[in-house]
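Participant: A structural model of the following input is requested.
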Amino acid sequence: MVLSPGRSRPAHGRRHFLALGAVGLSALASPVSARTRPAAKNVLVIFEQGGVSQIDSFDPKPAAAAEHKSPFAPIDTNVPGIQFTELLKQTSQHADKLTLLRCMTQPTPGIGNSHPKGSQYIFSGETPGGPVTMPDMSSVVAMRLGSAATHLPSNILVPGTSEQAKETRIGFLPPAYQVFKTGGNLANPGWSVPNLGLLGIDDRRFQNRRDLLSLLDVGIPGSSRAQDAVAMKSLMRRASDMLTNPETRKAFHIQGESEAVRNRYGTGHRGQCYLLGRKLIEAGVRFVTVDVREPQSSFRDGKAVRYNGGSNMNWDHHDAIYSDSHTNIKGGGAGAGRFGFHTWPMMGSTDQALSALIEDMHQRGLLEETLLCFVTEFGRTPKINNRQGRDHWTHAFSFLFAGAGVQGGQLVGSTDKDGGYITSSQAYTIDDFAATVYAKLGLDRHTAFYTPDDRPIYVAKDGTPIPELMS
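Facilitator: Predicted structure coming up:
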């Protein structure tokens, strides 16, 4: 809950907070900052989890020692002076729409060796482990700003099936703002969001049941009957709208996209998840996060495929990072279950999907008011280990941004010849990333939230909006 204007303490105690939390009314939230006009109406975060190797992607280092440098050559982008590796040939043609930060760092001890904590850090923009569990950025935004699409959740995670998806947090916010996870393998020709429909009940029976339920005197423990009625009716209206509004199903219906569009993104799981991200933004969802990896058993071009040995294809390449197939080498361990960095299930599908997303959103005008972020929880070591892999590295890694006023064709920050340490004056953290997201949306970080025990909480308090993204 937030303060009313001019108040220095919350107007109600814990019981009232919980009762109002069930309502989920946007009227309880503070308006956006009055000081600046928001540059963004929506946010789309592409979270490639596991730690993408910066020197094999967006920060090539041809002068690195031969025994440690990437085998993938630098290539020019469509912006003079900015190079990617050859694995990003398609994305390189859209550098004029991007700002590339090569100076991301994660200085908090202990986070760099933990994928769960690193993922929680990305979701929330707050260092995990404090006295209060902090909510996801998407939940904060959903509560403060709501959404233009009342028939859809305000914050959605696509698909939300990885082991790190459980690191999402609602924290001290009301349950109504928990991120909605679509689930499933989107490459499956028959994919749909589970339980999105009337489950065999025809419209007339559904309306009759809804009308009957509205007459029942049901309540929420600890709140008054008046509060009960408001809360239940609000939740019922929202649920009814989601179940009956044809626009809800349309927003998730990727099969309704043209064959040309679906092929452009790539018909595997990653490509279709990126495509759904665009569709949800276009439908008016306020905050969408795509956290995706190709499943071991999947589909491509509508046909079943199986990546033998690829049991968990995130970017955690401790072993055999340059393998032409799986990374399950003798004497390995932590990096098993991936495919080589350059293979189709990894950077091949990523380059295609990311370039398609940037191109598609630009052509549709969605980048004008959508902040697009490509992030990972940390990078990889500049040195190859004794298992032919690269380990976790927090000292320097790369993020990409586009849209919502972000300057295109901009390179921010630099690293040494091995890609291990930042050499520029700029160095930014995930806290700064969160502060930037909030600032782009016009959300006032100086207005406190209050926990059920009336403790004031400020979001992204340790971050500062990244100036190069705010122009």
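
Participant: check this protein and tell me which residue is nearest its centre.
Facilitator: Geometric centre of the chain, nearest residue: Thr289, 2.8 Å, by C-alpha atoms, centre = their mean.

Participant: okay, now the sheet partners of the helix or strand hosting that residue, with direction.
Facilitator: Element membership for Thr289, per DSSP states H and E: strand 287-291. With DSSP bridges as the test, strand 287-291 is paired with strand 42-47 (parallel), strand 155-159 (parallel).

Participant: can you give me the pLDDT of the residue nearest to the centre of the chain?
Facilitator: pLDDT recorded at Thr289 is 98.

Participant: could you do Pro194 as well?
Facilitator: If you check Pro194, the pLDDT there is 79.

Participant: ok, the nearest residue to it once chain neighbours are set aside - contacts?
Facilitator: Spatially, and ignoring its direct neighbours in sequence, Pro194 is nearest to Gly183 (5.8 Å; C-beta to C-beta, 6 or more residues apart in numbering). In this view, the C-beta of every residue, glycine as well, is placed from N, C-alpha and C. By C-beta atoms under 8 Å, 6 or more residues apart in numbering, the residues touching Gly183 are 159-161, 193-194.

Participant: thinking again about what came up before, residues in contact with the strand holding Thr289?
Facilitator: Strand 287-291 has contacts (C-beta under 8 Å, 6+ apart) with 42-47, 49, 119, 123, 137-138, 141-142, 154-160, 162, 164-165, 179, 273-274, 276-277, 280-281.

Participant: cool, and stretch 58-65?
Facilitator: Residues contacting stretch 58-65 (C-beta under 8 Å, 6+ apart): 55, 69-70, 72-74, 83-85, 88, 100, 102, 382, 396, 398, 400, 415, 417-419.

Participant: any idea how far the strand holding Thr289 is from the middle of the chain?
Facilitator: With C-alpha atoms, centre = their mean, to the nearest Å as the basis, strand 287-291 stands 3 Å off its chain's centre.

Participant: repeat for stretch 274-290
Facilitator: Taking C-alpha atoms, centre = their mean, one finds stretch 274-290 lying 10 Å from the centre of the chain it belongs to.

Participant: what does stretch 111-120 give?
Facilitator: On the basis of C-alpha atoms, centre = their mean, stretch 111-120 sits 15 Å off its chain's mean C-alpha point.

Participant: for Ser355, report the pLDDT, please.
Facilitator: If you check Ser355, the pLDDT there is 98.

Participant: is it true that it lies in a helix?
Facilitator: Yes: under DSSP: H, G, I helix; E, B strand; the rest coil, Ser355 sits within a helix.

Participant: what number of residues lie near it?
Facilitator: For Ser355, the neighbour count with other C-beta atoms under 10 Å is 21.

Participant: excluding its backbone neighbours, what's nearest it?
Facilitator: Gln90 (3.7 Å).

Participant: give the contact list for that neighbour.
Facilitator: Gln90 makes contacts with 351-352, 354-356, as judged by C-beta under 8 Å, 6+ apart.

Participant: quick check: Lys461 vs Val132, distance?
Facilitator: Distance, Lys461 to Val132, using C-beta to C-beta, to the nearest Å: 11 Å.

Participant: thought His94 was touching Ser355?
Facilitator: Yes: the pair His94 / Ser355 is scored as a contact, 5.9 Å apart, by C-beta atoms under 8 Å.

Participant: buried residues, the next helix or strand after the strand holding Thr289. List them.
Facilitator: Sequence order places strand 297-300 as the next helix or strand after strand 287-291, per DSSP H and E. Residues 298-300 are the ones in strand 297-300 that count as buried (16 or more other C-beta atoms under 10 Å).

Participant: can you lay out those residues as TSV showing distance to Leu443 and pLDDT?
Facilitator: Formatted as TSV, the buried residues of strand 297-300 follow (distance: C-beta to C-beta, whole Å; pLDDT from 0 to 100):
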residue	distance to Leu443	pLDDT
Ser298	37	95
Phe299	39	95
Arg300	39	94
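
Participant: going by distance to Gly256, which of those residues wins?
Facilitator: Distances from Gly256 to those, taken as C-beta to C-beta, are shortest for Phe299 (17.5 Å).

Participant: OK, contacts around the closest one?
Facilitator: 185, 187-189, 267-269, 305.

Participant: of those - the most surrounded one?
Facilitator: Result: His269 is most packed of those (other C-beta under 10 Å), 27 neighbours.

Participant: in the stretch 301-450 of the chain, which spans are helices?
Facilitator: Using DSSP state H, counting those that start in this stretch, the helices found in the stretch 301-450 of the chain span residues 349-363, 430-441.

Participant: quick check: angle from the shortest one to strand 287-291?
Facilitator: This means helix 430-441. Interaxial angle, helix 430-441 versus strand 287-291 (axes from the mean of the first three to the mean of the last three C-alpha atoms, to 10 degrees): 140 degrees.

Participant: tally of neighbours for Tyr274?
Facilitator: As a burial measure, Tyr274 scores 28 neighbours (other C-beta under 10 Å).

Participant: who's in contact with the closest residue to it other than its chain neighbours?
Facilitator: Spatial nearest neighbour of Tyr274, chain neighbours left out: Ala353 (4.1 Å); criterion: C-beta to C-beta, 6+ apart. Residues near Ala353 by C-beta under 8 Å, 6+ apart: 265-266, 270-271, 273-275.
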